[in-house]
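Chemist: sequence and computational prediction follow.
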Amino acid sequence: MQRPDWSIDEFAHAGDEHLDPAYIATYDRKAATDPAEDVALLRDLSLDASRVLLDLGAGTGTLALAAAPFCRRVVAADVSLAMLAVIRAKAEHMGLHNVEAVQGGFLGYQHEGDPVDYVYSRNALHHLPDFWKGIALARIAAMLRPGGILFLRDLVYSFDPSEATDAIEAWLAGAAARPEAGWTRDELATHVREEYSTFSWLLEPLLTRAGFTIREAHHRPSRTYAAYICVKR
């Protein structure tokens with residue numbers, strides 16, 4: 001389907017660094033993401049060898065590849081061809097044959113085959129402004145079977161606007177000193193300034209409006225990060 005002339009270009013909102021093979025080569029070390037906790041949580045939510053998992057904004061495939069041994073089918077979707085190349089290479093190295101790396105984002109991915117049982121997304125939805133977040137969440141709900149699970153992790157602000165300066169400064173004060181050790185103050189400040197993290201009290205009604213019941217919501221003490229377990233009604 002042709003993209004309407006009023007539609008956002010997801011590729012332009014992916015973050016230039018996520019399209020850069022040189023940056024992606026250092027991404028896993030920089031992110032230092034351990035997927036074990038999230039895989040265990042998904043398994044507690046009845047993820048098993050009969051299930052289909054869609055990882056939207058899959059990045060280098062950390063979660064998708066870790067979950068694959070426990071799934072029937074895993075689709076790792078990302079707008080970055082460079083990220084997808086890493087996923088395919090890792091899957092081949094690990095001998096995983098049930099992982100499909102597909103180019104597509106929240107607004108462009110077209111699911112084929114059996115309905116999705118689980119959608120996982122970590123640190124990707126913030127690339128879309130709120131209007132498009134609402135569209136994206138409705139699309140996710142449409143892909144999921146009734147009772148399906150959305151597991152969403154992202155940078156989300158759970159403070160009032162009047163508290164923004166203090167909350168953001170406190171968060172940035174804990175940034176890594178060097179880029180190779182994590183996200184620096186400059187990188188986090190760029191995120192706040194140029195990307196689209198939203199308030200929890202805006203995101204949560206969008207989830208509900210899209211057709212989800214929020215089963216669990218966890219907000220970090222920093223009030224800049226949240227995790228949601230949502231069930232499609």
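Modeler: That came in fine, so what should we check first?

Chemist: drop to CA atoms for contacts and neighbour counts, all remaining ones
Modeler: Noted.

Chemist: packing partners for the helix or strand containing Leu65?
Modeler: Leu65 belongs to helix 62-67 when assigned by DSSP states H and E. Using 3 or more Cα pairs under 8 Å, 6 or more residues apart in numbering; DSSP states H and E as the contact test, the elements touching helix 62-67 are helix 36-44, strand 73-78, helix 81-94.

Chemist: among those, show me which one is buried the most.
Modeler: Sort the helices and strands packed on helix 62-67 by mean neighbour count, taking mean count of other Cα atoms under 10 Å, and strand 73-78 sits at the top with a mean of 26.

Chemist: avg pLDDT for it?
Modeler: Along strand 73-78, the predicted local confidence has a mean pLDDT of 98.

Chemist: packing partners for it?
Modeler: Counting contacts by 3+ Cα pairs under 8 Å, 6+ apart, strand 73-78 is packed against strand 52-56, helix 62-67, helix 81-94, strand 99-103.

Chemist: tilt between the first one and helix 36-44?
Modeler: This points to strand 52-56. Strand 52-56 and helix 36-44 meet at an angle of 140 degrees, taking axes from the mean of the first three to the mean of the last three Cα atoms, to 10 degrees as the criterion.

Chemist: partners of strand 52-56 in the sheet?
Modeler: Next to strand 52-56 in the sheet, as set by DSSP bridges, lie strand 73-78 (parallel), strand 116-122 (parallel).

Chemist: including distance to Ala49, could these go into a markdown table?
Modeler: Formatted as a markdown table, the entries for those read as follows, by distance: least, Cα to Cα, whole Å:
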| stretch | distance to Ala49 |
| --- | --- |
| strand 73-78 | 8 |
| strand 116-122 | 11 |
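
Chemist: figure out which of those is closest to Glu204.
Modeler: Closest to Glu204 of the strands paired with strand 52-56 is strand 116-122 (Cα to Cα; 15.4 Å).

Chemist: of the helices and strands packed on helix 62-67, which approaches Cys230 most closely?
Modeler: Across the helices and strands packed on helix 62-67, the minimum distance to Cys230, taken as Cα to Cα, is reached by helix 36-44, at 12.0 Å.

Chemist: what comes into contact with the closest one?
Modeler: With contacts defined as Cα atoms under 8 Å, 6 or more residues apart in numbering, helix 36-44 is touched by Leu63, Ala66, Ala67, Phe70.

Chemist: can you rerun that using 7 Å?
Modeler: With contacts defined as Cα atoms under 7 Å, 6 or more residues apart in numbering, helix 36-44 is touched by Ala67.

Chemist: quick one: Ala58 from Val79, how far?
Modeler: Counting by Cα to Cα, to the nearest Å, the separation of Ala58 from Val79 is 9 Å.

Chemist: could you do Leu54 as well?
Modeler: Here the distance between Leu54 and Val79 works out to 14 Å (Cα to Cα).

Chemist: same check on Phe131?
Modeler: Plainly put, Phe131 is 19 Å away from Val79 if you go by Cα to Cα.

Chemist: and the longest strand for the chain?
Modeler: Longest strand of the chain, by residue count under DSSP state E: strand 144-154.
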